[in-house]
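S.K.: The following block contains a protein sequence and its predicted model.
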Amino acid sequence: MRRLSLLSFAVFAACAANANSPDDWSRIQRDRLERLHAVRKPATALQATIAQTPGAAPQDPVHIDQREPQARAFRAPLLALHAAFGYGQVAADVAGTSLDDRTDAHVVMLGVDAGTGAGLHADFITSEPQLFAGVRINDGDAPAAAEASITGGSVFPHLRWHGALGGLRLPVRAGLGVDWQNLRHERAGVAREWLAVGPKLVVEPTLRLFGNSANALDLVGHLGGDVGAAWFREEFHGGDDRDSTLRWAGEAGLGLRALSGNWQLDLGYRLQHATFGAIDSDLYGSRDRTELQRQLVFIGCGVTF
């Protein structure tokens, strides 16, 4: 009896399925055949798996050669180089004498600034041999023509700090100033020189007139001063002499600086006045002071790495 009931139920279920939806059965078979013979694509299978995964879908996988390089942290410039050429005048005034004159001169200025804040600036000057034209001096033996030229140079190793006052940037440079000046009376065969060493401070107020970090025009000021010990030496016919004194100097300037990418172009004016204290020597005599001054216009360029 039990077997007859089970057989009857199976026949009834089969008849009910066939009678219920013959089209559905055909569709199911067709879908199975299509999936069986479909082209297998890993990307399609992955997308289907992701679609069935609960939660937010991850981003599409990216091959290693398609990945964008990671953004690098900002790096300060490692090195800045600049050079300038100037043309102007130098003047010399020796107290208590008729040696007070000026003549044309040329100046070369060089600089290196590191991203660490360390820097080294240097300049070299040479004048025309026309100082004190028409004046006569003692050459150690007899009176002689005093025509002279000035050559010299200075070196400024320093550290740099960046300050600001509102929209005004205030770079400050502090270090050691080394200055050498040579006053040579060519026709008389007399040479006098001063070597000075002392602390030096320079401030460069900078105001951006217009532009941005890539292309801009700045108004750049220059204010500086130094003081230190100076050693004097003179050579003349029949002898030489030495002495020591003090030197103090001030400098000021103003210029325009155009910036474009890593390059800069400078155009400006610079004035420097130095005073050497009292000297007493065999030929130079007893002099309260000697003043040397230079003023020039310059053009220069620089590049930052």
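M.R.: Everything's here; your move. Only a predicted model underlies this, so the values are computations on that prediction, with no experimental measurement involved.
S.K.: Tell me how this protein divides into domains.
M.R.: 2-66, 80-304 (automatic domain parsing).
S.K.: now the first one: mean pLDDT?
M.R.: When pLDDT is averaged along domain 2-66, the result is 60.
S.K.: try stretch 266-275
M.R.: 98.
S.K.: what comes up buried for that stretch?
M.R.: Across stretch 266-275, burial judged by 16 or more other C-beta atoms under 10 Å covers 266, 268, 270, 272, 274-275. Every C-beta, even on glycine, is put in place using the N, C-alpha and C of the backbone.
S.K.: would you list every one of the strands in the stretch 201-305 of the chain?
M.R.: 206-211, 215-236, 239-260, 263-276, 279-281, 285-287, 290-304 (DSSP state E, counting those that start in this stretch).
S.K.: looking at these, which is closest to Asp139?
M.R.: Asp139 lies closest, by C-beta to C-beta, to one member of the strands of the stretch 201-305 of the chain: strand 215-236, at 5.9 Å.
S.K.: strands paired with the closest one, and their directions?
M.R.: Its sheet considered, strand 215-236 pairs with strand 190-203 (antiparallel), strand 206-211 (antiparallel), strand 239-260 (antiparallel) by DSSP bridges.
S.K.: May I have the first one exported as PDB, CA atoms only?
M.R.: Once non-C-alpha atoms are left out, strand 190-203 reads as follows in PDB (Å, rounded to 0.1, in the frame of the first residue of the first chain):
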ATOM      1  CA  VAL A 190     103.900 102.700  -4.200                       C
ATOM      2  CA  ALA A 191     101.300 100.200  -3.100                       C
ATOM      3  CA  ARG A 192      99.000 100.300   0.000                       C
ATOM      4  CA  GLU A 193      96.600  97.600   1.000                       C
ATOM      5  CA  TRP A 194      94.100  96.900   3.800                       C
ATOM      6  CA  LEU A 195      92.800  93.500   4.900                       C
ATOM      7  CA  ALA A 196      89.800  93.500   7.200                       C
ATOM      8  CA  VAL A 197      87.900  90.700   9.000                       C
ATOM      9  CA  GLY A 198      84.700  91.000  11.100                       C
ATOM     10  CA  PRO A 199      81.100  90.000  11.600                       C
ATOM     11  CA  LYS A 200      78.700  91.100   8.900                       C
ATOM     12  CA  LEU A 201      74.900  91.300   8.700                       C
ATOM     13  CA  VAL A 202      72.700  91.800   5.600                       C
ATOM     14  CA  VAL A 203      68.900  92.200   5.300                       C
END
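S.K.: heads up, I number from 579, so please use that
M.R.: All right, first residue 579 from here; so that's strand 768-781.
S.K.: Could you pull up the residues touching the spatially most central residue of the chain?
M.R.: What sits nearest the mean C-alpha location of the chain, by C-alpha atoms, centre = their mean, is Ala658, with 3.8 Å. Applying C-beta atoms under 8 Å, 6 or more residues apart in numbering, we find Ala658 in contact with 689-692, 880-883.
S.K.: What's opposite it in the beta bridge?
M.R.: Counting by DSSP bridges, Ala658 is bridged to Asp691, Thr882.
S.K.: do Gly846 as well
M.R.: Gly833, Phe876.
S.K.: before we move on, what about the one 4 residues further on?
M.R.: On DSSP bridges, the residues paired with Gln850 through beta bridges are Glu829, Arg872.
S.K.: Please verify my assumption that it contacts Arg872.
M.R.: Yes - between Gln850 and Arg872 there is a contact under C-beta atoms under 8 Å: 5.3 Å.
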